[in-house]
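**Student:** Fold the following, please.
(3 chains)
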Amino acid sequence: MSRMTIGHDDIPFFDEEPEHAAPRRPAPAPGMGGGIAARAMAARDNSRRPDYLAGLNPEQAEAVETLDGPVLVLAGAGTGKTRVLTTRIAHILSTNRAFPSQILAVTFTNKAAREMKERIALLVGGAVEGMPWLGTFHSIGVKLLRRHSELVGLSSSFTILDTDDVVRLIKQLIQAEGLDDKRWPAKQFAGMIDTWKNKGLGPADIPEGDSRAFANGKGRELYAAYQNRLKTLNACDFGDLLLHPINMFRQNPDILKDYHQRFRYILVDEYQDTNTAQYMWLRLLAQRPKGELQNVCCVGDDDQSIYGWRGAEVDNILRFEKDFPGAKVIKLERNYRSTEHILGAAAHLIAHNEGRLGKTLFTDRSDPNDIKVQVHASWDSEEEARAIGEEIEQLQRSDSSGVRHNLNDMAILVRASFQMREFEDRFVTLGLNYRVVGGPRFYERLEIRDAMAYFRLVCQPADDLAFERIINTPKRGLGDTTVRALHDYARVRDIPMLAAAADIIETDEMKPKPRKALFDVVQSFRRWQGLLENTPHTELAEQILEESGYTDMWKNDKSAEAPGRLENLKELIRSMDSFESMRGFLEHVALVMDAEQNEDLDAVSIMTLHSAKGLEFDTVFLPGWEEGLFPHQRSLDESGRAGLEEERRLAYVGLTRAKRRCHIWFVSNRRIHGLWQSTIPSRFLDELPETHVEVAEMEQSYGGYGRGGYGQSRFDKADPFANSYSTPGWKRAQANKTDATRDNWGSRSGHAVERIGYGESGPKTRTIDGELVAKSTSTEPSRFSIGDRVFHIKFGNGNVSEIEGNKLTIDFDRAGQKRVLDGFVERV
DNA sequence: GTAATAAATTTTTTT
DNA sequence: AATTTATTAC
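**Tutor:** Next up, the predicted model:
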């Protein structure tokens, strides 16, 4: 039992109180400072509402105070959802209805969990170390599994595999089955397994069709083999962290009953994003025998459901009242975040979706100085980055009313992570601070993963994946042949590879060289394992990296990134400091893939729309609103109308992140797979209301002229808002999809036609031309001939190798072979 | 077994 | 365009 003293308050927190004890009411007496106890007394006294309840609006207060029975809170963007959740927990604690450890609170991201802990701590006035069951589905799943691992056939030291490990493992299995790993990509099968697990399906439960669709109909066998392999490796993948607890609860009703008694209150954040497995998990824990109260509170917003591709079922939120009869449904519609214009734009956009529960956000704020949502156009993605950079610098100096803005209050939210790069490049040259949130992650770096593999293998000798990763890193002369031999040896005897290595060096199956190398490795690991219990883990970690020759490997590496990698390794050791043991650290890394950000730095945030959910910024930039990118073509192809609606919700999430200023951008040319493609404005732009949106001065370089055949969007016209809104531009866009969008994004059909070049009136008026223009002028004899030396503004010099009407095939010196319209090149 | 070179593949979103 | 993977030469 731990006792925590923070500041002046002396609050007892119970880590593990006697199993199902109910907190005594009235409050436990010790140290009646100004802490929980005192507040609880105040709470009991009806004449004075505790101060944490003050300032809530009536709906919020109802959501906080309705503690008995099921509650569904439909909370629109910016309506104080997190505040309700945290205050509700504080309320439960203050009124002594439960100990911290008797509250199960599930969030979607680790970030959200962290934030919630902080905010509860603020409300309750102490650290919340005593809330052991606040976390993501996955981290709570791990906690359950560590306690009961033997029930699902694992030992409590099991490892959690990341996607990379999983793919490598599956690849091995596919090869072991004698299948062609090219025809049956491991990555694809990993995706299928993930989908199945998200639906709560084990190998026996998957549909026959799914099974037939992979590996010559051996999908089911392969899935079963995979699960078997995980068991021998004593490992779990992400899906197992949900599936195993479900199976465990189903097979052991007594244990489930135990947790029923433990968890007096259950809270779930982002309920619209729960998938079937999470839903099953939750229902097992939340649905109680008849007569017992089901104190479950789910908070969500159907308009912000953006994880359908990960198996999320919006239906879960619609089904809540059926699952929990007598549930109270509370809508939060008062928005505290954004201006009227931003809310108006977002509302009008999301209204294009069908099948919504229908909330209308409103605000009292009405400031004539509020600016409308701005739509900007740029020629290409480089210019887009430049323009946004300028806008940011402008705001940094001072906005229209002379106010200076912090970079911390600005964010760029992109649809796909490849968009980030151009901004990074630009900001580096500008010397503008930026921060990539959720981008390439610290723990995914090569050197970090290598180091982690060493640590994993020391902590868990059965971790064959870790073994294979580092056995020849640094180079020890233990290549494919040796590893394969070890692999076979281990398989035959059903032992881990490290143990196999220990065995095999006693025999003379190996040639002397690899045998000696293997001997050294085995010796080292034996030594490190011996040190595990009695050496401080940071010291041991350093020792491992030193003695294994891993740090030397990078010290001897002359490449440019080597010093950075060494720095990262030092950072890794430093970050281990705050953990109790090496095992604890490994677990943290497996679940929390992001390293802490430097909060002190004033920097613009760059992130995907998905990772922006739940955040807010004064100024938000939304680049890349073009058909094919946003909405993403793949989403449209794979999920049709549902996909489009999810993309629209994503746009809604983007808009509603903004408090005061929102800038949307689209470009007419974007580079995809290294090829320049001309693009058309997103249909979502046409779904924004005129009253709240304003088109920023069209940059001259945006080719609005001479675009024969491409009148899809009102943003092609001089006055984009001139025509009626009843004819959404996207219908025309769809009609034209075969001409334009397909070719640009579908990637299956042939070549791309280059559409960049000079217009007649000089360098400033570049124009875009399309296929139609190309065809109409193709009858004229070309002014070029094969072998001509030509210059192109984007690709530089090259030789004409083929002529087809006015389309030239040119072998560029630097850019390779491209097809280009003859208007865009000139003879040198 | 290793290092250099050529070819293929990629980019939607994440616990 | 850039990164991962396969092939080839040493």
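
**Student:** ok, the most centrally placed residue in chain A to residue A:403 distance?
**Tutor:** Centroid-nearest residue in chain A: residue A:611, 5.3 Å away (criterion: CA atoms, centre = their mean). Distance, residue A:611 to residue A:403, using CB to CB, to the nearest Å: 28 Å. For the C-beta atoms, the positions are set from N, CA and C on the backbone; glycine is no exception.

**Student:** how near is the residue nearest to the centre of chain A to DNA strand C?
**Tutor:** In this view, residue A:611 and DNA strand C are 21 Å apart by CB to the nearest atom of the strand, to the nearest Å.

**Student:** any idea how far DNA strand B is from the closest residue to that residue other than its chain neighbours?
**Tutor:** Spatial nearest neighbour of residue A:611, chain neighbours left out: residue A:438 (4.0 Å); criterion: CB to CB, 6 or more residues apart in numbering. Applying CB to the nearest atom of the strand, the value for residue A:438 to DNA strand B is 5 Å.

**Student:** Check what pLDDT whatever residue of the stretch 51-200 of chain A ends up closest to DNA strand B gets.
**Tutor:** Closest residue of the stretch 51-200 of chain A to DNA strand B, CB to the nearest atom of the strand: residue A:136 (3.6 Å). Residue A:136 is assigned a predicted lDDT (pLDDT) of 93.

**Student:** Now do the contacts for it.
**Tutor:** Contact partners of residue A:136, counting by CB atoms under 8 Å, 6 or more residues apart in numbering, are A:106, A:107, A:108, A:109, A:110, A:113, A:591.

**Student:** re earlier: in what helix or strand does the residue nearest to residue A:611 lie?
**Tutor:** Using DSSP states H and E, residue A:438 maps to neither a helix nor a strand.

**Student:** Do I have it right that it meets residue A:609?
**Tutor:** No - contact criterion CB atoms under 8 Å: residue A:438 and residue A:609 do not qualify, at 11.0 Å.

**Student:** between these two, who's got more neighbours?
**Tutor:** When neighbours are counted by other CB atoms under 10 Å, residue A:438 and residue A:609 differ, and residue A:609 comes out ahead with 22 against 18.

**Student:** so who does the more buried one touch?
**Tutor:** A:306, A:413, A:414, A:415, A:650, A:651, A:653, A:654.

**Student:** Return the residues of the stretch 301-450 of chain A in contact with DNA strand C.
**Tutor:** Nowhere does the stretch 301-450 of chain A come near DNA strand C, counting by CB under 7 Å from any atom of the strand.

**Student:** related to what we said a few turns ago, among the contacts of residue A:136, find me the one that's closest to residue A:143.
**Tutor:** residue A:591 (10.2 Å; CB to CB).

**Student:** What sits closest to the closest one if chain neighbours are left out?
**Tutor:** Distances taken as CB to CB, 6+ apart put residue A:139 closest to residue A:591, at 5.1 Å, once the chain neighbours are dropped.

**Student:** what's around that neighbour, how many residues?
**Tutor:** Look at residue A:139: counted by other CB under 10 Å, it has 20 neighbours.

**Student:** Tell me if I'm right that it and residue A:110 touch.
**Tutor:** Yes - between residue A:139 and residue A:110 there is a contact at 7.2 Å, judged by CB under 8 Å.

**Student:** what is in contact with those two at once?
**Tutor:** Joint contacts of residue A:139 and residue A:110 (CB under 8 Å, 6+ apart) are residue A:591.

**Student:** Please look at residue A:327 and residue A:70 and confirm they touch.
**Tutor:** Yes - the pair residue A:327 / residue A:70 is scored as a contact, 4.0 Å apart, by CB under 8 Å.

**Student:** the more surrounded of the two?
**Tutor:** More crowded of residue A:327 and residue A:70, by other CB under 10 Å: residue A:70, with 23 against 18.

**Student:** In contact with that one, which residues?
**Tutor:** Each residue near residue A:70 by CB under 8 Å, 6+ apart is listed here: A:286, A:294, A:295, A:296, A:297, A:320, A:324, A:326, A:327, A:328.

**Student:** possible to save these as TSV with secondary structure, pLDDT and distance to residue A:198?
**Tutor:** What follows is those, written out as TSV (DSSP: H, G, I helix; E, B strand; the rest coil; pLDDT from 0 to 100; distance: CB to CB, whole Å):
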residue	secondary structure	pLDDT	distance to residue A:198
A:286	helix	90	19
A:294	coil	86	25
A:295	coil	91	27
A:296	strand	93	21
A:297	strand	95	24
A:320	helix	90	19
A:324	coil	90	22
A:326	coil	88	29
A:327	coil	91	25
A:328	strand	93	29
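
**Student:** Filter these down to the buried ones.
**Tutor:** With burial judged by 16 or more other CB atoms under 10 Å, the buried subset of the contacts of residue A:70 is A:286, A:294, A:295, A:296, A:297, A:320, A:324, A:327, A:328.

**Student:** List the residues that contact residue A:529.
**Tutor:** With contact taken as CB under 8 Å, 6+ apart, residue A:529 is in contact with A:458, A:461.

**Student:** Tell me if it really is in a strand.
**Tutor:** No - Residue A:529 sits outside any strand when classified using DSSP: H, G, I helix; E, B strand; the rest coil, being helix.

**Student:** where exactly do the helices run in the stretch 1-150 of chain A?
**Tutor:** With DSSP state H, counting those that start in this stretch, the ranges of helices along the stretch 1-150 of chain A come out as A:36-44, A:58-65, A:81-94, A:110-124, A:137-148.

**Student:** Please write out the alpha-carbon positions of the longest one in PDB.
**Tutor:** What it means is helix A:110-124. This file holds the C-alpha atoms of helix A:110-124, laid out as PDB (Å, rounded to 0.1, in the frame of the first residue of the first chain):
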ATOM      1  CA  ASN A 110      -1.800   7.200 -24.300                       C
ATOM      2  CA  LYS A 111      -1.700  11.000 -24.700                       C
ATOM      3  CA  ALA A 112      -5.300  11.200 -23.700                       C
ATOM      4  CA  ALA A 113      -4.700   9.000 -20.700                       C
ATOM      5  CA  ARG A 114      -1.800  11.100 -19.600                       C
ATOM      6  CA  GLU A 115      -3.700  14.300 -20.000                       C
ATOM      7  CA  MET A 116      -6.600  12.900 -18.000                       C
ATOM      8  CA  LYS A 117      -4.400  11.800 -15.200                       C
ATOM      9  CA  GLU A 118      -2.900  15.300 -15.000                       C
ATOM     10  CA  ARG A 119      -6.300  17.000 -15.000                       C
ATOM     11  CA  ILE A 120      -7.700  14.700 -12.300                       C
ATOM     12  CA  ALA A 121      -4.700  15.400 -10.300                       C
ATOM     13  CA  LEU A 122      -5.400  19.100 -10.600                       C
ATOM     14  CA  LEU A 123      -9.000  18.700  -9.600                       C
ATOM     15  CA  VAL A 124      -8.400  16.300  -6.700                       C
END
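
**Student:** List the ones among the contacts of residue A:136 that fall in strands.
**Tutor:** Within those, residues falling in strands by DSSP state E are A:106, A:107.

**Student:** which among the contacts of residue A:136 gets closest to residue A:465?
**Tutor:** For the contacts of residue A:136, the nearest to residue A:465 is residue A:591 (17.4 Å; CB to CB).

**Student:** Let me know the pLDDT of that closest one.
**Tutor:** 81.

**Student:** How about the contacts made by it?
**Tutor:** A:110, A:136, A:138, A:139, A:142, A:160.

**Student:** Can you tell me the element the nearest residue to the fifth one once chain neighbours are set aside falls in?
**Tutor:** Spatial nearest neighbour of residue A:142, chain neighbours left out: residue A:241 (5.8 Å); criterion: CB to CB, 6+ apart. Applying DSSP H and E as the criterion places residue A:241 in helix A:240-251.
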